[in-house]
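>>> Build me a structure from this.
(chains A and B)
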Amino acid sequence: AQSVTQLDSQVPVFEEAPVELRCNYSSSVSVYLFWYVQYPNQGLQLLLKYLSGSTLVKGINGFEAEFNKSQTSFHLRKPSVHISDTAEYFCAVSDRITGGFKTIFGAGTRLFVKA
Amino acid sequence: DVKVTQSSRYLVKRTGEKVFLECVQDMDHENMFWYRQDPGLGLRLIYFSYDVKMKEKGDIPEGYSVSREKKERFSLILESASTNQTSMYLCASSPSGTSTYEQYFGPGTRLTVT
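Purely as a prediction, here's the structure:
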């Protein structure tokens, strides 16, 4: 069964500093990897996704992630964070099953950007 | 833009009550999902549906049931609410026939069972 581990439950960082949110997943024949963001009192929205092709994926709001198959990782990065990036971030992996697909989410990483 | 709406943002119910959580999507998506979100546990899949009148159990279906009579609407039912069902409930939808597996989420319903 697929699993997703987000290595940090909370990440405090100062504004304009770089940040990396770490995600590891259990291996499978093929995986589809996602990062979602949840702002306070809102649902989740897609930040970026890896389906195939280039291992460096760019998403919205200046975020990017790198798929590393040998390390089964999909870490999220941003070179300079803003106060508005304060949110909870979820790494997710999807796999094909009979009839459709199933998505497993990590426990989440709360990013707190300080002025 | 895809829009997924949930009937209530906040709900307070008593133990033993029957609770209905409604979810509606406006983009003709075939797939719909119900998750619960708890601190430190992320999102856990309760039920999902790939078509009208079709349902499949997710990872934590105990104590819940679902109904999908129309394509755009997916309801989660707590037959007899208990305090351990206090949680944030998120509905999501996605199209079929693609390989993106991206899901679109509603704003969530924060349910408190007292």
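
>>> Can you name the residues bridging to the spatially most central residue of chain A?
Compute the mean C-alpha point of chain A, and by Cα atoms, centre = their mean the closest residue is A:W35, 3.2 Å away. In this structure, A:W35 has beta-bridge partners A:L48, A:C91, where bridges are defined by DSSP bridges.

>>> List, one by one, the residues from chain B near chain A.
Proximity of chain B to chain A is confined to B:4, B:31, B:35, B:40-45, B:48, B:50, B:56, B:90, B:92, B:96, B:99-103, B:105-108 under the rule Cβ under 8 Å from any Cβ of the partner chain. For every residue, glycine as well, the C-beta is placed using N, CA and C.

>>> Could you pick out the buried ones from those?
For the residues of chain B next to chain A, a burial check counting by 16 or more other Cβ atoms under 10 Å in any protein chain shown picks out B:4, B:31, B:35, B:42-45, B:48, B:50, B:56, B:90, B:92, B:101-103, B:105-106, B:108.

>>> low-scoring stretches of chain A, by residue?
Segments of chain A classed as low confidence (criterion: pLDDT under 70) are A:1, A:27-29, A:98-99.

>>> Nearest residue to the residue of it found nearest chain B in space, ignoring adjacent ones along the chain?
Of chain A, the residue with the smallest distance to chain B, taken as Cβ to the nearest Cβ, is A:G43 at 3.5 Å. Spatial nearest neighbour of A:G43, chain neighbours left out: B:F105 (3.5 Å); criterion: Cβ to Cβ, 6 or more residues apart in numbering or on different chains.

>>> who does the one you found bridge with?
B:A92.

>>> How about B:L45?
Beta bridges link B:L45 to B:Y35 when assigned by DSSP bridges.

>>> contacting residues for the nearest residue to B:T114 once chain neighbours are set aside?
Of all residues not flanking B:T114 in the chain, B:R14 sits nearest, at 5.9 Å (Cβ to Cβ, 6+ apart). Contacts for B:R14 were tallied using Cβ atoms under 8 Å, 6 or more residues apart in numbering or on different chains; they are B:81, B:113-114.

>>> Which stretches in chain A count as strands?
Read by DSSP state E, chain A holds these strands, from start to end of the chain: A:4-6, A:10-14, A:19-21, A:23-25, A:32-38, A:44-50, A:56-58, A:64-68, A:73-78, A:87-97, A:100-105, A:109-114.

>>> B:L21: which of these is closest?
With Cβ to Cβ as the measure, strand A:44-50 is the member of those nearest B:L21 (16.7 Å).

>>> okay, the angle between the closest one and strand A:64-68?
With axes from the mean of the first three to the mean of the last three Cα atoms, to 10 degrees defining the directions, strand A:44-50 sits at 50 degrees from strand A:64-68.

>>> Show residues contacting strand A:44-50.
In contact with strand A:44-50 (Cβ under 8 Å, 6+ apart) are residues A:32-38, A:57-61, A:63-65, A:67, A:74, A:76, A:89-90, B:43, B:90, B:92, B:100-103, B:105.
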